[in-house]
Every structure is written in structure tokens, then in C-alpha cells.
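1. Predicted structure and sequence below. I'll ask about it afterward.
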Amino acid sequence: MRLEGGRGHGVLYGRKKAFDEDGRLKQPRQLSINKVGHALHELEPVFKEFSCSKNFSSLLSSLGYKRPVVIQSMYIFKQPGIGGEVVPHQDNSFLYTDPPTCTGFWLALEDATVINGCLWAIPGSHKNGLLRRFIRDDEGVHFDRPFPACDQDDFVPIEVKAGSLVIIHGDLIHQSFENQSPNSRHAYSFHVVDTDGCKWAEDNWIRRKQEPKPIYVS
């Protein structure tokens, strides 16, 4: 993997399959980008307008949010042939508040199928609580404990058409596999936490110099 950043953006190039033995990209750069994040909702007007729209404000209100903020956003390319696997995880591991309030919003910008790397999830796994956290401390960034082994037979695919929105509970165990198709699987993903009656953990891996602005909830 190779990371380049600027203005709060990080451009993460594809996994090992994207490079030759000399470390050079094997295809054009625009076909090698894995994802761009993590502040598109703050720095790019199109993503900001979408992520903080009245439609999402109403949706967050219906989910019980009082003072929500978008804490992270990513454009995920999942390039054909090199779009890598994302191992089983829970979003609350990375974006923890006390009590936990993270919800993920995953918008399919292209059809997501089993062949091109759609999401998979374990139904009901969000009821079992948080299994581990990803923290930043004097030792750097790391998980505080191993993730328990998952039975792959428990996962179900979430195949959706372009334009579909998948809402992910912060404790839901989910993953995705490599893109084995000749087609990309673009998606926009952002995560929301509440700031009313809960606290952003100081040892979260994401650190901010300024507090994020809340989304207005009517």
C-alpha cells in the first residue's frame, strides 16, 4: 500500500496486486487508487452538501441522534482485479464514543455484487457488543486485543444496485472480499457519531484540532 495526503485527504493506492516487483504501478494511477479519505465531507463541497443534507438530518433524527457529527468519510473505488479484501470488523472499534453511537452510511455508486466485492455481514451480530478497539497511544496505533475468529458460513452478502444506501450499526460485524470482476465497485462511505450525552474517546486513532460541526437535527 502507498499513501499520499494533502488538505486532510489521504489517497491510498491498491494492494500488492497494483504494483510490479520494482514497486511501480502496473496500470494507470486512476485505476490504482483504492480509496480517498477521511475528510471529504468537510473539504469537498459536493460531499459536504450530500453528507449534511436535510434528508440525512431527518434520517439521523429518526435513528435517535440529538447532536450528530460526521466524523469520517471515504470514497472507495474497489478497482477491478486489485480491489482488496476488507477483513471482518466493527465500525465502533475505530470510531468509539462512550456510550457507543457510531453508525455507518454506505452508498453504492455502482452495482455491488458478490463477484465485484459487495459487503457481507453477520445478521444480529450487533447485539453481541463491541469486541475490540483500534487505539492510538504511546506505542502508536494498534488493536487492544485480537478479533475472535468468525465462521464464514454466518455471513450473508449485501448485493445492492447503484444508488442504494446501506446503514450499518456500529457493532455489526461486516467485511468484503476482493473484486474478482472486470468492473469497479465505487462507493461513498461516511460515519456519524452523536455528541449529546456521550464522549469521543481520547485514545481513538483519529485526532482533530477542531471539533466537527454538528448536523442540524430538527
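-> Ah, there it is. Since this is a predicted model, take the numbers as computed values, not measurements.
2. Can you identify each of the helices in the chain by residue range?
-> In chain order, the chain shows helices spanning 40-43, 45-51, 54-62, with DSSP state H as the criterion.
3. What mean pLDDT does the first one get?
-> Spelled out, that is helix 40-43. Per-residue pLDDT over helix 40-43 has a mean of 93.
4. CA-only coordinates of that helix in PDB, if you can.
-> What follows is helix 40-43 as a C-alpha-only set of coordinates in PDB (Å, rounded to 0.1, in the frame of the first residue of the first chain):
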ATOM      1  CA  LEU A  40     -14.200  14.600   2.100                       C
ATOM      2  CA  HIS A  41     -17.400  15.800   3.900                       C
ATOM      3  CA  GLU A  42     -15.500  18.800   5.200                       C
ATOM      4  CA  LEU A  43     -13.200  19.700   2.300                       C
END
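5. And that helix, what's buried?
-> Neighbour-count burial for helix 40-43, counted by 16 or more other C-beta atoms under 10 Å, picks out 40, 41, 42. C-beta coordinates here come from the backbone N, C-alpha and C atoms, glycine included.
6. Let me know the closest of these to residue 48.
-> Taking C-beta to C-beta as the measure, residue 41 is the one of the buried residues of helix 40-43 closest to residue 48, at 5.4 Å.
7. what residues are up against that closest one?
-> With C-beta atoms under 8 Å, 6 or more residues apart in numbering as the criterion, the residues that contact residue 41 are 47, 48, 51, 52, 70, 73, 190.
8. Report the central residue of this structure.
-> Averaging the C-alpha coordinates of the chain gives a centre point, and the residue nearest to it by C-alpha atoms, centre = their mean is residue 189 (5.4 Å).
9. partners of it in the sheet?
-> Legend: beta-bridge partners of residue 189 under DSSP bridges are residue 74, residue 106.
10. and it, what does it touch?
-> Neighbouring residues of residue 189 by C-beta under 8 Å, 6+ apart: 73, 74, 76, 104, 105, 106, 107.
11. possible to save the residues you listed as a markdown table with pLDDT and distance to residue 153?
-> Formatted as a markdown table, the contacts of residue 189 follow (pLDDT from 0 to 100; distance: C-beta to C-beta, whole Å):
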| residue | pLDDT | distance to residue 153 |
| --- | --- | --- |
| 73 | 96 | 33 |
| 74 | 95 | 29 |
| 76 | 95 | 26 |
| 104 | 98 | 24 |
| 105 | 98 | 28 |
| 106 | 98 | 23 |
| 107 | 98 | 28 |
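12. Thanks again, I'm all set now.
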